[in-house]
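# please find the sequence and the predicted model below.
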Amino acid sequence: MSSQFLNKAPGVPGGGATRGTNPGRRNPAAAPPTGLNLAGAVDLSALASAKKSAEQATQALAEAPQGVVIDVNESNFQQLVLERSLQIPVVIDFWAEWCGPCKQLSPVLEKLTAEQGGRVILAKIDVDANQQLAAAFQVQSIPSVFLVIGGQVAPLFQGAMPEAQLRQVFTKMLELATSQGITGTLTATGEVEGANPVTPDSVENGMAPPPQDPHLVAIQDALAKGDLSGAKQAAENILMDKPDDQLAMAVLAQVSLMNRAQGLDEKKTRERAVGLPDDPSAQMAMADLEFASGQPDQAFDRLIGLIKRLPAGDREPVRLRVLELFQCLPPDDPTALNGRRDLASSLF
C-alpha cells in the first residue's frame with residue numbers, strides 16, 4: 001500500500017463534520033455539541049433530499065449483487081477491503097451516525113455503487129466504532145472517502161458532493177481500475193468473476209504500483225489491528241534509517257497519545273484539571289483527553305494558556321507536550337497552524 005494510507009484526504013467544496021486527529025480513536029470522532037437551541041435551524045429541503053436519496057439507494061441495492069455495500073470494521077478490514085481490492089475497486093466511506101453531511105452523501109454513494117452492477121464495492125466504516133482505522137487513515141473530518149485499488153489506498157474527497165460530480169468520480173475510478181488490471185465483477189451470489197487480480201508477477205509487469213516500504217506496511221497493518229506496540233516498533237525502525245521521517249514521527253506521537261489517554265478516567269481527570277488549573281500534570285492529562293476525543297483546538301488552548309501563566313523555568317515540559325501533539329496533525333492543518341502561532345507568541 002502507498003504512504004497515502006496515512007495521509008489526510010484533500011478537502012473539496014461541500015463541507016464535512018470536523019474531527020480531531022487521534023490515533024487511539026484517529027481518535028474518537030468529536031460528538032455533536034449539546035445544549036444548543038436548534039429551533040428553526042433544521043434545513044427541511046436537505047432532509048427531504050436525503051430521504052429521497054435513501055429511497056433511491058434502497059431501490060438500487062435491491063437490484064444489485066449481494067455484498068456491493070458492506071459494513072467494515074477493524075477485524076475484517078484486511079479481508080473485505082485490502083484483499084478484495086485486488087479484484088474489485090473498493091470505495092471507503094468514513095461516517096458517523098451524528099454526522100449530517102454523511103447522511104446526505106452515503107445514500108448517493110450506495111446508489112451509484114449499486115448501479116455499477118458489482119464493478120465497485122462500497123465499504124462503510126463508522127469512525128466512532130472503528131477508531132484505529134480512522135487513525136490509520138488520518139481522518140480529519142467526515143464524511144471522508146478513499147479509494148483502494150490493488151491494495152493501494154488514495155484519498156478521494158471530504159464532505160458531501162453533488163451526484164453529478166460523484167458520477168464523474170466513479171467513471172474515473174473505473175477507468176483507473178481497468179488500467180491496472182482490476183476488472184472483477186461481483187455476481188448475484190457474492191462471488192467474483194472476470195477478475196484479473198494483482199499478483200507479484202503483474203506488479204513486475206507494470207500492471208500495479210511497485211511494492212511499498214515494508215516498514216510502512218507494518219505500521220498500517222499494526223494500526224488496523226490495534227497493535228500499538230507493533231506500530232511503534234515499525235515507526236522506530238523507519239527512524240533508524242531516516243531520523244527526520246515525518247510520517248514515522250507522527251505515528252510515534254499518536255501512539256504515545258493513545259497510550260496516555262487510554263489509562264485516564266475522564267471524570268477524575270476533568271475534576272483534577274478544574275481543581276488544579278496551574279498544575280502541568282493535571283492540565284496535560286486533560287489536554288490528552290480533549291485531543292483524543294476530537295477537540296485538538298481545546299487541547300492547544302488549554303496548554304498554551306498554561307504556558308502563559310507558568311514561570312519561565314516551568315514551561316518546558318508543557319511546551320514539549322504541545323509540540324508532540326502538533327505531530328499528530330498534518331502540517332497544514334488549520335488547528336496546528338493556529339496552535340504554532342499561539343505557542344510562539346506565548347513564549348515571548
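Perfect, thanks for sending it. Numbers count the residues shown, from 1 in each chain.
# the spatially closest residue to residue 66 that is not a sequence neighbour and residue 117: what is the separation?
Closest residue to residue 66 apart from its sequence neighbours, by CB to CB, 6 or more residues apart in numbering: residue 190 at 4.5 Å. Every residue, glycine included, has its C-beta placed from N, CA and C. Using CB to CB, to the nearest Å, we find residue 190 at a distance of 14 Å from residue 117.
# now do residue 170
12 Å.
# so between the two, which is more surrounded?
Neighbour count, other CB atoms under 10 Å: between residue 170 and residue 117, residue 170 has more, with 18 against 15.
# quick one: contacts for the more buried one?
Taking CB atoms under 8 Å, 6 or more residues apart in numbering, we find residue 170 in contact with 112, 116, 120.
# if we can go back for a sec, what's the burial count for the residue nearest to residue 66?
Residues lying near residue 190 (other CB under 10 Å) number 11.
# so it touches residue 68, yeah?
No - because the distance of 9.3 Å does not satisfy CB atoms under 8 Å, residue 190 is recorded as not touching residue 68.
# which residues does residue 268 contact?
The contact partners of residue 268, by CB under 8 Å, 6+ apart, come to none.
# could you check how far it is from residue 306?
From residue 268 over to residue 306 the distance is 19 Å, taken as CB to CB.
# repeat that for residue 286.
10 Å.
# for the residue lying closest to residue 266 once chain neighbours are set aside, grab the count of nearby residues.
Counting by CB to CB, 6+ apart, residue 266 lies nearest to residue 289, which is 6.0 Å off, once chain neighbours are set aside. Using other CB under 10 Å, residue 289 has 19 neighbouring residues.
# same question, residue 139
For residue 139, the count of nearby residues is 30 (other CB under 10 Å).
# so is it in a helix, a strand, or just coil?
coil (DSSP: H, G, I helix; E, B strand; the rest coil).
# would you confirm that it contacts residue 127?
Yes - at 6.3 Å, residue 139 counts as touching residue 127 under the criterion of CB under 8 Å.
# and the gap between the residue nearest in space to the middle of the chain and residue 311?
Among the residues of the chain, the one closest to the centroid is residue 139, at 2.4 Å (CA atoms, centre = their mean). Applying CB to CB, the value for residue 139 to residue 311 is 39 Å.
# what does residue 87 give?
On the measure of CB to CB, residue 87 and residue 311 end up 62 Å apart.
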